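> Can you look at this prediction? I've put the sequence above it.
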Amino acid sequence: MTTDAPGGTGFSITTGELAGLLGAELSGAPDVALSGIEPLDAAGAGDLSFVRSHDYAAAAAKSDAGALLVTRGVELPAEVAAPVLVVDDADRSLIAILSSVRAHRLGPPASGVHPSAVVDERAELHESVSVGANAVIEHAVRIGAGTSVGAGAVIRAGTTIGERCVIGPNVTIGHEGFGYIVDESTGERTHLPHVGGVRIGDDVDIGAGSCVDRGKLRDTVISDGCKIDNLVQIAHNCELGEHVVVCGQSALAGSVKIGARAVLAGQVGVADNISIGPGVIVMAQAGVTRDLLEPGAYFGAPARPRQVVAREIAALRRITKSRRSENTS
Amino acid sequence: MTTDAPGGTGFSITTGELAGLLGAELSGAPDVALSGIEPLDAAGAGDLSFVRSHDYAAAAAKSDAGALLVTRGVELPAEVAAPVLVVDDADRSLIAILSSVRAHRLGPPASGVHPSAVVDERAELHESVSVGANAVIEHAVRIGAGTSVGAGAVIRAGTTIGERCVIGPNVTIGHEGFGYIVDESTGERTHLPHVGGVRIGDDVDIGAGSCVDRGKLRDTVISDGCKIDNLVQIAHNCELGEHVVVCGQSALAGSVKIGARAVLAGQVGVADNISIGPGVIVMAQAGVTRDLLEPGAYFGAPARPRQVVAREIAALRRITKSRRSENTS
Amino acid sequence: MTTDAPGGTGFSITTGELAGLLGAELSGAPDVALSGIEPLDAAGAGDLSFVRSHDYAAAAAKSDAGALLVTRGVELPAEVAAPVLVVDDADRSLIAILSSVRAHRLGPPASGVHPSAVVDERAELHESVSVGANAVIEHAVRIGAGTSVGAGAVIRAGTTIGERCVIGPNVTIGHEGFGYIVDESTGERTHLPHVGGVRIGDDVDIGAGSCVDRGKLRDTVISDGCKIDNLVQIAHNCELGEHVVVCGQSALAGSVKIGARAVLAGQVGVADNISIGPGVIVMAQAGVTRDLLEPGAYFGAPARPRQVVAREIAALRRITKSRRSENTS
């Protein structure tokens, strides 16, 4: 497999070569040249596309793709004429191909500590940890095997990060929480020293520019498998269960608890001390001001069950329309 | 007092030793060993907890804390059996203890200019200023005594920062404002050079990843005692009075004026040229599109007095419910 | 022209000297000393102010400005007594003056690659590119003539940036997109390697702390003339047409398409795969969940035409008020 110059999008391989590489069953011509990977609706004669499940079978019939990577058991419509590579799991094979393309296009994954990074000699980093250029890691930090810390990221004292995590560029972990004692008569605020740390589990991703504050007395906790997008704010003493997803620009105030596998869409805000139950879905831009413990999807500010908000929106539309027809009648 | 390894949460001291250290009046056993600090509801036999005011007296009776730090004058219920340390102000004593714990756990506060920081030789920094690793300070910058600039922060030319400020990691202060001259026929925009600076008072905190733009002609101003959380955006020519609080991910557009002691909760947006009065409270996610000069709390988008919005929400619920009962009757 | 110390706001020049410098027609005294530039309502006897169009003529009559810079053809009221400098375009002349003031006050624009920046030797930078202190530029990056990259910015592999762009401090471009394959039974997520790049056109500005993710298979695209404010999130595979404006803290989810000259105000959110038409205006804090293809202004969450939302707000107010009068009658 060869890949082109920076700015190109693909690679160059024949259907036969790819089948051999993936251990796939090939139906169709082994000599179709592939030089790109595209979704079904965008793929052309030189592109590989993929059918991960039955849901995409109909779209496959309309695709101009040069070849299709298909999960075993998915039945394709008779119209499909392109060569088909059947694999156990099209997604997994796609990841394998993409990893290989990435290595060719963008070089091998970063490794080691970049000489420009500032790593305190008392920090404990597994030998397989990679640290990007101009990143900063203070003392009293521990980082597990296979984790990478992005360029310009700042990991402050008291932070523990598990294995295989990806910490994005310009992330800040472990800065002082936003907690003050207020003099009510003058409005003057005195900062409460935060002595808790941050504990991040294994397989956690934290996107570019995001911030995770250290705890006040106890630790801020992000459990195994959490995926956190760019520009997210996680305040002191938040506790995220396993496999929680937090999308871009969401913000959790202090001491928020989020159950396993909950998903927060983009620009969600959660007030301090709120609990969100396992598997709960909070829709984009929602403002959570009360505990959301029952499973389901929540929407709006204040956030309530999606159906309730949908009915209110519909009721408001009806009223507005009836008023207009009065006015115009 | 001794503190444990990174990842631990506490310290080790007896009630008698702590009373001596704080100059507290001790009632109860002087030999109770304390190795943690926890809120009343979470404290166990080895933890110190605290009662800052009468509001917490009832909770103190239910606490399992090994000892209680109590503000003088607060009467505790008879059920409280744990040793009590009476001090003038439990909050202040707590800060003193936490500062000491922090020094033990996380080492002494940063001092001096880290060798990896890039500080222009024409910048004027008081000798007590600390500058974190890989921070950047341009020329035409002045920084007062006791201020710390976080790792990776960028302080651009034309910025003045007062004394005892804490500028977080990856903060940007003094970048060009977002102001253009538009060619209405083509949509093409030409940037207007911004020659104003940024003036930041004393005792100002700015959280990680936040941005403060330089002024267009005059300065952007953040007055003494302001506390600004993470990922906040403050545009060109904003003027914040003393002790203003701006919580995480809020954004002020150009030329916003905020009166002393006003509080903006998280994810608030304020349109350009808006004025917010002294002491006004803007609730989370509010969108301020008109001046809010009267004292009080404001909510919603567009932001209006909290009670008004609450009544509207209630009215909408009633209408939605009555419609549903019609449908189901 | 001379400029004062850091913290000052101005310069020092006479009306006659300024007319000579700008090639302006001067009506009035040539010896009025000017030491500041202020908007009409704030200008005093020592300040220059400006009248870009007829819209500002009335305000000029009330201004205390020491002199006025006026676009040719604008008729000023008879009350205006200050010396007037007539130029072809007051805005352009203002930019020329401000550029000169900036050069005096803040020094010449940055040039060259700062020695502390980490630029991969395989990156292709035009010789006129400037790179700020502690910025990081990976391999497989191309940057065109006259572009500046801010201090602490991170430009990852696979990014192409055009000419005359201004990339702000602490920006991240080209980090991995937020795309995973989910195991529905466990909630476990596997990251999909993103092999697309980022293509940024000419004359694009990207504000401090903003993030632009690389594409999944194809590139993320930001076309010529786009202006992006601080702390903006642009996810994988977004495509922005020419001269699009995105204000502070807005977020575009994956594969959003925005037509030429559209304007997104602050804190707007756009769901994935949404298309926004050319010239569309999305008002602050709107949440776009459906395509907005018709020209016009949109507001609210979910975003709808401004007039529709305004009518709904009005209807809700009426209902709330009528209910209140029932209660109090």
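Nice, I can see it. Numbering: from 1, shown residues only, chains lettered A, B, ... in the order given.

> Next one: the closest residue to A:A235 other than its chain neighbours from A:I234, what distance?
Spatially, and ignoring its direct neighbours in sequence, A:A235 is nearest to A:G254 (4.5 Å; C-beta to C-beta, 6 or more residues apart in numbering or on different chains). C-betas here are computed from N, CA, C, even on glycine. For A:G254, the distance to A:I234 equals 10 Å [C-beta to C-beta, to the nearest Å].

> Tell me which of those two has more neighbours.
Legend: neighbour count by other C-beta atoms under 10 Å in any protein chain shown for A:G254 and A:I234, higher for A:I234 (29 against 21).

> these two touch, right, the more buried one and A:V212?
Yes. A:I234 lies in contact with A:V212 (C-beta atoms under 8 Å); the separation is 4.5 Å.

> who touches both of these two?
A:T220, A:I222 (C-beta atoms under 8 Å, 6 or more residues apart in numbering or on different chains).

> ok, the residue nearest to A:A235 to A:I222 distance?
15 Å.

> in chain A, which spans are helices?
A:15-22, A:57-62, A:90-106, A:306-328 (DSSP state H).

> Surely A:D272 and A:C238 touch.
No. In this structure A:D272 lies outside contact range of A:C238 using C-beta under 8 Å: 9.4 Å.

> Give me the more crowded residue out of the two.
It is A:C238, of A:D272 and A:C238, that has more neighbours when counted by other C-beta under 10 Å, with 27 against 17.

> Run through the residues that contact that one.
Neighbours of A:C238 in contact, by C-beta under 8 Å, 6+ apart: A:T220, A:V221, A:I222, A:L252, A:G254, A:S255, A:V256, A:K257, A:I258.

> Would you mind measuring from the third one to A:V131?
In this view, A:I222 and A:V131 are 19 Å apart by C-beta to C-beta.

> For chain B, see how far away the closest residue to A:T147 other than its chain neighbours is.
Closest residue to A:T147 apart from its sequence neighbours, by C-beta to C-beta, 6+ apart: A:C165 at 4.3 Å. Separation of A:C165 from chain B (C-beta to the nearest C-beta, to the nearest Å): 17 Å.

> repeat for A:L292
Counting by C-beta to the nearest C-beta - A:L292 and chain B are separated by 16 Å.

> what are the bridge partners for that residue, then?
The partner list for A:L292 in beta bridges (DSSP bridges) reads A:I276.

> for the one 5 residues further on, same thing?
When bridges are called by DSSP bridges, A:A297 pairs up with A:I281.

> unless I'm mixing things up, it is touching A:V308, no?
No. Using C-beta under 8 Å, A:A297 is not in contact with A:V308; the gap is 10.8 Å.

> Check A:I206 and give its pLDDT.
With respect to pLDDT, A:I206 scores 98.

> cool, and the one 3 residues further on?
Predicted confidence (pLDDT) at A:G209: the value is 98.

> Please apply the same query to A:G179.
Looking at A:G179, the pLDDT reads 90.

> quick one: low-confidence parts of chain A?
Residues of chain A meeting the criterion pLDDT under 70: A:1-11, A:323-329.

> one more time with 50
A:1-9, A:329 (pLDDT under 50).

> tell me, what's touching A:D272 and A:C238 both at once?
With C-beta under 8 Å, 6+ apart, A:D272 and A:C238 have common neighbours A:G254, A:S255, A:V256.

> Mind checking which of those are in strands?
Residues of these located in strands (DSSP state E): none.

> Distance to B:A33 added to those residues, as CSV?
Supplementary listing: these in CSV, determined by distance: C-beta to C-beta, whole Å:
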residue, distance to B:A33
A:G254, 29
A:S255, 27
A:V256, 33
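
> Nearest to B:D31 among the residues you listed?
A:S255 (33.0 Å; C-beta to C-beta).

> didn't that closest one look like it was pressed against A:H236?
Yes. A:S255 is within contact range of A:H236, at 7.4 Å (criterion: C-beta under 8 Å).

> Looking at these two, which one has more neighbours?
A:H236 (26 against 20).

> tell me the contacts of the residue nearest to the more buried one when sequence neighbours are not counted?
Using C-beta to C-beta, 6+ apart and skipping residues adjacent in sequence, the residue nearest A:H236 is A:G177, 2.9 Å away. By C-beta under 8 Å, 6+ apart, the contact set of A:G177 is A:H194, A:G196, A:D213, A:R214, A:G215, A:K216, A:A235, A:H236, A:N237, A:G254.

> who in the stretch 151-300 of chain A is up against chain C?
A:151-152, A:166, A:168-170, A:205, A:207-209, A:225, A:227, A:229-231, A:242-243, A:245, A:247-249, A:260-261, A:266-267, A:279, A:284-285 (C-beta under 8 Å from any C-beta of the partner chain).

> Let's see that with 7 Å instead.
A:151-152, A:168-170, A:205, A:207-209, A:225, A:227, A:229-231, A:243, A:248-249, A:260-261, A:266-267, A:284-285 (C-beta under 7 Å from any C-beta of the partner chain).

> ok so, going back, residue contacts, the residue nearest to A:T147?
A:T147, A:I200, A:D202, A:D203, A:V204, A:D205 (C-beta atoms under 7 Å, 6 or more residues apart in numbering or on different chains).

> quick revisit: by neighbours, which of the contacts of A:G177 wins?
That'd be A:D213 among the contacts of A:G177, by other C-beta under 10 Å, with 32 neighbours.

> quick one: that one from A:I234, how far?
7 Å.

> what sits in contact with each of those two?
In contact with both A:D213 and A:I234: A:T220, using C-beta under 7 Å, 6+ apart.
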